[in-house]
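S.K.: only the shape, not the letters, is given here:
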């Protein structure tokens, strides 16, 4: 009897204990009256194996054509994407009256508006939102001693504002063209947003180049006076358009950057700032040979943008692996020379503007009683992903940050974490 009674007592105690545990569990479990349930953790977006470049919403002018590129990276673990032949891809425009797209992936602006460009490949598809706004037109002028020269002008929609408006000169790289420079840089989108003209200048020769001094091509060997050509372009534009003459600037890529450095030297009475991308000064080469004397009439703000993994114009100077055999002047020597000319010290302030790029601004006057102008050097130093078989850098190299690769199969792929257009316009207009 005692043993049976003891068992009953233990059983009752166990039931009480289990009841207490259930009560505690229920008190800790959220109920409908305990407030909203926390949302689940964000999940990463699905992997995108196929996309169109430019990959952001893009703007072109009426009359402008740009090349679109179809990138394919089937596995996330692949080191880099490949680029499909445009003819392997099916291209369509949702509004062909605004912009057409041909089988080669060339989009052409036809009328103001917006359209979706869809690219389809082997079950994959991607959409680019393309806006068409402003006018992109070819201009021909007569240059003393050179005959007719051309350039292309982008005129944004000014919304009834008569101006005057700023003007940006944009110069292509060696072997390029004005239209390719417009497509590669995407500067028209920046111009439309900030209401300024862009004049895309064009070099001479079979492989079109500018005479920047030490470089490049037939323009250099034939001593073409491209400073005179630029002066003639400015004369034409200022006579026919509402140009704010105190806000005329120059930018350029590679050979066009070298030429922009020369314009700051030889045309400082009309050019009020430059932004050079991927090309240094052509006053000297690395061996110390001098090609012209740089004596600006006043300090000129200078921005230089360059990637450490640029193999065409090496950061440290010397010959690159492109078509040019120029013994290029080092980037640091180019900016050091400009600090001296612009009366600023070598004590700069560095800012990391993106994961890949650090910009150092030199603006402290050496002699406060004299005029000065800032010099800024932006250096991109990304992971160097180089395909030696294709001779292509995937991220940086010799390209326009935030832009699009050029048509050449050996064209480097631009960084996208640093937008050269936004930075250079802020530098030129907000010193």
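M.R.: Looks like it arrived, so ask away. Computed from a prediction, not measured in an experiment: that's the story for all the values here. Numbering: from 1, shown residues only.
S.K.: which stretches of the stretch 251-400 of the chain have low pLDDT?
M.R.: For the stretch 251-400 of the chain, no stretch is flagged by pLDDT under 70.
S.K.: what residues are bridge-paired with the closest residue to residue 58 other than its chain neighbours?
M.R.: Of all residues not flanking residue 58 in the chain, residue 130 sits nearest, at 5.5 Å (C-beta to C-beta, 6 or more residues apart in numbering). (Each C-beta comes from the backbone N, C-alpha and C, glycine too.) Beta-bridge pairing of residue 130 under DSSP bridges involves residue 58, residue 115.
S.K.: residue contacts, residue 130?
M.R.: Residue 130 sits next to 57-60, 93, 98-99, 107, 114-117 when contact means C-beta atoms under 8 Å, 6 or more residues apart in numbering.
S.K.: how near is it to residue 182?
M.R.: Counting by C-beta to C-beta, to the nearest Å, the separation of residue 130 from residue 182 is 14 Å.
S.K.: what domains does the record give for this protein?
M.R.: The chain is divided into the following domains under automatic domain parsing: 50-128, 155-429.
S.K.: that older thread, so among the contacts of residue 130, which ones count as buried?
M.R.: 58-60, 93, 98-99, 107, 115, 117 (16 or more other C-beta atoms under 10 Å).
S.K.: how about those in a markdown table, adding distance to residue 257 and pLDDT?
M.R.: Below are the buried ones among the contacts of residue 130 laid out as a markdown table (distance: C-beta to C-beta, whole Å; pLDDT from 0 to 100):
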| residue | distance to residue 257 | pLDDT |
| --- | --- | --- |
| 58 | 23 | 96 |
| 59 | 24 | 98 |
| 60 | 23 | 98 |
| 93 | 34 | 98 |
| 98 | 33 | 98 |
| 99 | 30 | 98 |
| 107 | 27 | 98 |
| 115 | 33 | 98 |
| 117 | 30 | 97 |
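S.K.: make TSV out of those and add distance to residue 343.
M.R.: Putting those into TSV (distance: C-beta to C-beta, whole Å) gives the following:
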residue	distance to residue 343
58	40
59	39
60	41
93	53
98	50
99	48
107	46
115	50
117	49
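S.K.: and stretch 73-87, how far from the chain's centre?
M.R.: Distance of stretch 73-87 from the chain centroid (C-alpha atoms, centre = their mean, to the nearest Å) equals 21 Å.
S.K.: just the pLDDT at residue 187, thanks.
M.R.: On the pLDDT scale, residue 187 is placed at 98.
S.K.: not counting its neighbours along the chain, what's nearest it?
M.R.: Nearest non-adjacent residue to residue 187, counting by C-beta to C-beta, 6+ apart: residue 198, 5.4 Å away.
S.K.: after whichever strand or helix holds that neighbour comes which helix or strand?
M.R.: Here residue 198 sits within strand 197-201, counting by DSSP states H and E. Next along the chain after strand 197-201, taking DSSP H and E as the criterion, comes helix 217-221.
S.K.: sorry, back to before: ok, residues contacting the strand holding residue 198?
M.R.: For strand 197-201, contacts defined as C-beta under 8 Å, 6+ apart pick out 151-156, 165-172, 178-179, 181-182, 187-188, 191, 210, 229-230, 233, 237, 241, 243, 256.
S.K.: pull the contacting residues for residue 277.
M.R.: Going by C-beta under 8 Å, 6+ apart, residue 277 touches 251-254, 257, 305-306, 400-401, 420, 424.
S.K.: go with 10 Å
M.R.: By C-beta atoms under 10 Å, 6 or more residues apart in numbering, the contact list for residue 277 reads 173, 185, 251-254, 256-257, 260, 303-307, 378, 398-401, 403, 420-421, 424.
S.K.: so for the one helix or strand residue 128 maps to, what gets flagged as buried?
M.R.: Using DSSP H and E, residue 128 falls within strand 124-143. The neighbour-count check on strand 124-143 (16+ other C-beta under 10 Å) flags 124, 126, 128, 130-134, 136, 139, 143 as buried.
S.K.: would JSON lines of those residues with distance to residue 429 and pLDDT be doable?
M.R.: Formatted as JSON lines, these follow (distance: C-beta to C-beta, whole Å; pLDDT from 0 to 100):
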{"residue": "124", "distance to residue 429": "41", "pLDDT": "96"}
{"residue": "126", "distance to residue 429": "34", "pLDDT": "97"}
{"residue": "128", "distance to residue 429": "29", "pLDDT": "97"}
{"residue": "130", "distance to residue 429": "27", "pLDDT": "98"}
{"residue": "131", "distance to residue 429": "23", "pLDDT": "98"}
{"residue": "132", "distance to residue 429": "25", "pLDDT": "98"}
{"residue": "133", "distance to residue 429": "21", "pLDDT": "98"}
{"residue": "134", "distance to residue 429": "19", "pLDDT": "98"}
{"residue": "136", "distance to residue 429": "22", "pLDDT": "98"}
{"residue": "139", "distance to residue 429": "24", "pLDDT": "98"}
{"residue": "143", "distance to residue 429": "29", "pLDDT": "97"}
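S.K.: sec struct for residue 251, please.
M.R.: Taking DSSP: H, G, I helix; E, B strand; the rest coil as the rule, one finds residue 251 in the strand state.
S.K.: so it makes contact with residue 278?
M.R.: No: counting by C-beta atoms under 10 Å, residue 251 stays clear of residue 278, with 11.0 Å between them.
S.K.: mind listing what residue 111 touches?
M.R.: Residue 111 sits next to 62, 95, 97-99, 132 when contact means C-beta under 10 Å, 6+ apart.
S.K.: among those residues, which two are most distant?
M.R.: Greatest spacing in these, by C-beta to C-beta: 62 and 95 (13.8 Å).
S.K.: now do the helices in this structure.
M.R.: Along the chain, counting by DSSP state H, helices occupy 2-28, 178-185, 187-194, 217-221, 226-240, 255-266, 331-341, 420-429.
S.K.: and the fifth one, what does it pack against?
M.R.: The criterion is 3 or more C-beta pairs under 10 Å, 6 or more residues apart in numbering; DSSP states H and E, and the helices and strands that helix 226-240 contacts are strand 124-143, strand 147-155, strand 165-171, strand 197-201, helix 217-221, strand 243-253, helix 255-266.
S.K.: JSON lines for these, including distance to residue 72?
M.R.: Output for the helices and strands packed on helix 226-240, formatted as JSON lines (distance: least, C-beta to C-beta, whole Å):
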{"stretch": "strand 124-143", "distance to residue 72": "8"}
{"stretch": "strand 147-155", "distance to residue 72": "31"}
{"stretch": "strand 165-171", "distance to residue 72": "31"}
{"stretch": "strand 197-201", "distance to residue 72": "31"}
{"stretch": "helix 217-221", "distance to residue 72": "34"}
{"stretch": "strand 243-253", "distance to residue 72": "26"}
{"stretch": "helix 255-266", "distance to residue 72": "31"}
